[in-house]
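Student: I'd like to go over a predicted model; first the sequence, then the structure.
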Amino acid sequence: MESNLMPERLSAKKKGTFAFKTIADRLPTILTKVIDTTYQYRLKAAELYGEEGANDCKALAGHLSKLRNCLQTDKPLEEIGDGRDDEEMWNKVLREETETRDGVPPSAFTASWLYVECYMYRSINEGIRKSQHLRDFDPFRNQKEQALETSRDALITLSLHLQETLKKGAANFESFSEVIQISLWGNKCDLSISAGVENSQKISPVEPLQRLRPYILVNHVEQVWKLLQSHSNKPLRLDIILDNAGFELFTDLCLADFMMSTSLVTSVHLHYKAMPWFVSDVTASDFHWTLQQLSDSEDKLLSSFGNKWRDYLKNGRWIVHDHPFWTTCHDFSEMKSVSPDLYKELTHSDLIFLKGDLNYRKLVGDREWSHTEPYERALGGFNPAPHCALRTLKADVVVGLQEGVDAKIEARNPEWMVSGEYAVIQFSAK
Ligand SMILES: O=P(O)(O)OC[C@H]1O[C@](O)(CO)[C@@H](O)[C@@H]1O
Ligand SMILES: [Mn+2]
């Protein structure tokens with residue numbers, strides 16, 4: 001809950017903010033694309049499920065149009081009613097928000113940006129869940145699949161680079177730092193910030209690393225390396241809270257493989273989303289589709305990595321999770337109370353990588369912190385294990401910067417907080 005000790009959460013209350021731009025323009029654009037995709041799917045649905053299938057698509061398009069109108073005209077947000085296991089969690093927050101506003105329900109331009117944006121994706125899923133035949137329909141699937149296909153050259157470049165790196169045997173600080181940066185910059189490829197416009201990796205993921213170094217505003221990679229070296233004689237568990245499908249997922253799987261093959265860790269837990277989320281976030285079907293695509297690739301090296309990684313899943317060295325907490329509106333300071341089982345699970349980790357901008361926004365509560373606020377303070381008590389955020393900036397929230405860094409960059413590039421050009425590698429020890 002809000003506390004007067006902490007700054008306010010970002011909100012579209014204030015015109016001219018990125019939250020306002022997102023809620024006023026970008027979310028309706030994303031929703032319109034979902035409505036079109038749903039409408040186009042009705043012929044396929046009729047083929048598969050007859051009249052009922054076509055009716056499902058019409059009903060879903062109707063639900064989505066009502067949602068878009070509700071957001072655009074700042075109407076009160078309605079309770080979720082689809083019987084999913086997280087329904088009560090969502091409606092409890094809606095009731096609490098209403099109470100804190102003297103009985104006035106939250107709406108798009110008055111509630112927190114984080115709540116409204118997460119609510120939109122949950123409501124899209126509510127419409128899907130209420131259908132008879134569309135429960136596995138993912139309106140973002142085509143975009144996520146195209147994202148992988150159009151990154152093919154980058155996949156091949158990176159797979160060759162990983163093969164060369166692994167041939168050198170044990171990891172050193174340089175090879176570790178490099179594979180971290182590749183996963184970090186993989187986060188530029190996200191379809192939410194591009195409002196669904198194709199945003200795949202076109203250039204080599206390795207060649208620009210040197211040039212991109214100055215764009216990393218906080219770089220704690222050495223602290224992460226030291227943590228790993230301090231435990232080098234015991235089996236370590238790595239957790240990666242995944243973000244986007246497509247090229248970013250491939251960079252994360254390369255990171256996981258590197259950490260295992262060089263024996264920096266002995267097991268990897270990968271966390272993806274329980275429903276379609278923020279356009280390009282990885283779901284279970286995206287994850288397994290991606291591995292299958294790699295295995296089936298004519299490129300022998302990609303195919304060998306796909307097979308190797310599917311074996312890791314089969315023999316339990318890689319474990320996948322899809323806890324519902326990651327697709328709620330809660331920030332991570334609330335995890336211990338809202339999802340104590342997940343928090344407990346994460347306490348078994350020796351190092352957690354959290355990928356991307358939305359995870360970062362939730363780590364720091366999406367609040368209007370001063371940019372020099374210490375990172376640990378902004379975490380609000382979230383620390384199940386040592387963790388490191390690997391994030392490109394796509395929202396106007398950041399903490400832990402040195403004094404003056406923000407003003408210097410702002411002068412050069414006013415869009416620096418939302419363009420995805422800058423990044424942080426931000427570590428917090430347990
Ligand atoms: O995939 P990522 O890196 O979490 O980025 C998703 C981003 O899309 C946005 O919501 C923009 O709408 C960001 O603010 C958000 O965090
Ligand atoms: Mn994402």
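Tutor: Received the coordinates, thanks. Ligands and ions are numbered 1, 2, ... in the order given.

Student: quick check, distance from whichever strand or helix holds Lys362 to the centre of its chain.
Tutor: Counting by DSSP states H and E, the element that carries Lys362 is helix 357-363. Distance, stretch centre to chain centre, for helix 357-363: 8 Å (CA atoms, centre = their mean, to the nearest Å).

Student: got the CA positions of it in CSV?
Tutor: Listed next in CSV are the C-alpha coordinates belonging to helix 357-363 (Å, rounded to 0.1, in the frame of the first residue of the first chain):
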residue,chain,number,x,y,z
ASP,A,357,12.0,-2.6,-17.9
LEU,A,358,8.7,-3.8,-16.4
ASN,A,359,10.6,-6.0,-13.9
TYR,A,360,12.7,-3.0,-13.0
ARG,A,361,9.6,-0.8,-12.6
LYS,A,362,8.2,-3.4,-10.2
LEU,A,363,11.5,-3.7,-8.3
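
Student: in space, what's closest to Tyr49 - neighbours in sequence excluded?
Tutor: In this structure, Tyr49 finds its nearest non-sequential neighbour in His133, 4.2 Å apart by CB to CB, 6 or more residues apart in numbering. Just so you know, the C-beta spots here come from the backbone N, C-alpha and C atoms, and that holds for glycine as well.

Student: in a helix, that neighbour, correct?
Tutor: No. The assignment for His133 by DSSP: H, G, I helix; E, B strand; the rest coil gives coil, which leaves it out of any helix.

Student: OK, contacts around it?
Tutor: For His133, the contacting residues are 45, 48-49, 52-53, 56, by CB atoms under 8 Å, 6 or more residues apart in numbering.

Student: coming back round to it: the helix holding Lys362 - what's its average pLDDT?
Tutor: Regarding helix 357-363, the rounded mean pLDDT is 98.

Student: ok, stretch 333-349 next?
Tutor: The average of the pLDDT scores along stretch 333-349 is 98.

Student: same check on stretch 127-145?
Tutor: According to the model, stretch 127-145 has a mean pLDDT of 96.

Student: could you report the separation of the residue nearest to Pro276 when sequence neighbours are not counted from ligand 1?
Tutor: In space, Pro276 comes closest to Asp138 once its chain neighbours are excluded; the distance is 4.6 Å by CB to CB, 6+ apart. Asp138 sits 16 Å away from ligand 1, taking CB to the nearest ligand atom, to the nearest Å as the criterion.

Student: just to check, Asp138 is in contact with Ala284?
Tutor: No. No contact is recorded between Asp138 and Ala284 when judged using CB atoms under 8 Å, the distance being 10.6 Å.

Student: the more surrounded of the two?
Tutor: For Asp138 versus Ala284, the count of surrounding residues by other CB atoms under 10 Å is larger for Asp138: 18 against 14.

Student: run through this protein and note the low-pLDDT ranges.
Tutor: Scanning the chain for pLDDT under 70 picks out the ranges 1-4.

Student: that one: strands as residue ranges?
Tutor: Taking DSSP state E as the criterion, the chain contains strands spanning 216-219, 237-241, 267-271, 318-321, 351-355, 387-392, 423-428.

Student: out of those, nearest to ligand 2?
Tutor: Closest to ligand 2 of the strands of the chain is strand 351-355 (CB to the ion; 8.1 Å).

Student: how much space separates Leu313 from ligand 2?
Tutor: In this structure, Leu313 and ligand 2 are 22 Å apart, going by CB to the ion, to the nearest Å.

Student: residue contacts, that residue?
Tutor: Contact criterion CB under 8 Å, 6+ apart gives 291, 319-320 as the residues in contact with Leu313.

Student: before we move on, the earlier item: packing partners for the helix holding Lys362?
Tutor: strand 387-392 (3 or more CB pairs under 8 Å, 6 or more residues apart in numbering; DSSP states H and E).

Student: quick check, the strand it packs on touching ligand 2?
Tutor: No. Residues of strand 387-392 are not located near ligand 2 by CB under 5 Å from the ion, the shortest gap being 10.5 Å.

Student: who are the packing partners of that strand?
Tutor: Where contact means 3+ CB pairs under 8 Å, 6+ apart, strand 387-392 is packed against helix 173-186, strand 351-355, helix 357-363, strand 423-428.

Student: kindly reformat these as a markdown table containing mean neighbour count.
Tutor: Conversion of the helices and strands packed on strand 387-392 to a markdown table gives the following (neighbours: other CB atoms under 10 Å):
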| stretch | mean neighbour count |
| --- | --- |
| helix 173-186 | 21 |
| strand 351-355 | 24 |
| helix 357-363 | 24 |
| strand 423-428 | 23 |
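
Student: how about the ones you listed in CSV, adding distance to Asn244?
Tutor: What follows is the helices and strands packed on strand 387-392, written out as CSV (distance: least, CB to CB, whole Å):
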stretch, distance to Asn244
helix 173-186, 8
strand 351-355, 8
helix 357-363, 10
strand 423-428, 14
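
Student: indicate which one of those is closest to Leu10.
Tutor: For Leu10, the closest of those is helix 357-363, at 8.0 Å, according to CB to CB.

Student: touching ligand 2 at all, the closest one?
Tutor: No. For a cut-off given as CB under 5 Å from the ion, helix 357-363 has no contacts with ligand 2; the smallest distance is 5.5 Å.

Student: report the contact partners of Arg141.
Tutor: If you count contacts by CB under 8 Å, 6+ apart, Arg141 has them with 276, 285-286.

Student: buried subset of these?
Tutor: 276, 286 (16 or more other CB atoms under 10 Å).

Student: can you count the residues close to Ile319?
Tutor: Using other CB under 10 Å, Ile319 has 14 other residues around it.

Student: state which helix of the protein is the longest.
Tutor: helix 27-72 (DSSP state H).

Student: distance from that helix to the middle of the chain?
Tutor: For helix 27-72, the distance between its averaged C-alpha position and the chain's averaged C-alpha position is 24 Å (CA atoms, centre = their mean).

Student: so which bits of the protein are right by ligand 1?
Tutor: Taking CB under 6 Å from any ligand atom as the contact definition, the chain meets ligand 1 at 22, 26, 117, 187, 190, 192-193, 243-244, 278, 356-358, 361, 394-395.

Student: break this protein down into its domains, please.
Tutor: Following the assignment in automatic domain parsing, the chain carries domains at 18-129, 141-428.
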